[in-house]
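Participant: Fold the following.
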Amino acid sequence: MPRPTRAVPPATLADLANVGPATLGDFRVLGIRTLPQLARQDAFRLYERLCRKTGTRHDPCCIDVFLSAIDQARGGAPRPWWKFTAERKRVMRERVERRVR
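Facilitator: I've put the predicted structure just below:
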């Protein structure tokens with residue numbers, strides 16, 4: 001009987017699920033160089049900083065990728081970025097509702 005395989009914890013940012021060259025470039029722009037640095041971040045603030053620093057409104061799906069990467073940097077299991085879409089939409093909706101009040 002084969003042994004179950006265990007996920008290998010990421011050693012670098014490039015080892016994170018859903019993180020490719022574009023996201024690594026975003027992390028460089030944001031000054032994120034290590035997993036511990038990333039683990040201390042807030043995905044929504046990272047997105048706002050990225051948009052400000054680049055002068056571009058990036059696709060909100062970047063937040064999903066950031067949520068995924070931060071979760072994994074904090075010890076979570078790798079999951080597809082789109083599994084974080086509902087969380088992003090919920091948080092964004094709550095922020096809008098708070099501004100309206």
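Participant: what about the longest helix in the protein?
Facilitator: helix 85-100 (DSSP state H).
Participant: Flag every buried residue along it.
Facilitator: Neighbour counts over helix 85-100 (16 or more other Cβ atoms under 10 Å) mark residue 88 as buried. Every C-beta, even on glycine, is put in place using the N, C-alpha and C of the backbone.
Participant: swap in stretch 76-85?
Facilitator: Quick answer for stretch 76-85 (16+ other Cβ under 10 Å): 78, 81, 84.
Participant: Distance to residue 50 and pLDDT for the residues you listed - can I get that in a markdown table?
Facilitator: Below are the buried residues of stretch 76-85 laid out as a markdown table (distance: Cβ to Cβ, whole Å; pLDDT from 0 to 100):
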| residue | distance to residue 50 | pLDDT |
| --- | --- | --- |
| 78 | 22 | 96 |
| 81 | 15 | 97 |
| 84 | 16 | 98 |
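Participant: how much space between the residue nearest the centre of the chain and residue 26?
Facilitator: For the chain, residue 66 is the residue whose C-alpha lies nearest the centre (Cα atoms, centre = their mean; 1.1 Å). Separation of residue 66 from residue 26 (Cβ to Cβ, to the nearest Å) stands at 8 Å.
Participant: what does residue 84 give?
Facilitator: Taken as Cβ to Cβ, the span from residue 84 to residue 26 is 16 Å.
Participant: From the contact counts, what lies against the host helix or strand of residue 44?
Facilitator: For residue 44, the host element (DSSP states H and E) is helix 43-54. Counting contacts by 3 or more Cβ pairs under 8 Å, 6 or more residues apart in numbering; DSSP states H and E, helix 43-54 is packed against helix 21-30, helix 61-73, helix 85-100.
Participant: Between these, which one is closest to residue 53.
Facilitator: Closest to residue 53 of the helices and strands packed on helix 43-54, according to Cβ to Cβ: helix 21-30, at 5.6 Å.
Participant: average model confidence for that closest one?
Facilitator: The average of the pLDDT scores along helix 21-30 is 98.
Participant: So what angle separates the directions of the lowest-mean-pLDDT helix or strand in the chain and helix 61-73?
Facilitator: Taking mean pLDDT, DSSP states H and E as the measure, the helix or strand of the chain with the lowest value is helix 85-100, at a mean of 92. Put simply, helix 85-100 runs at 120 degrees to helix 61-73, going by axes from the mean of the first three to the mean of the last three Cα atoms, to 10 degrees.
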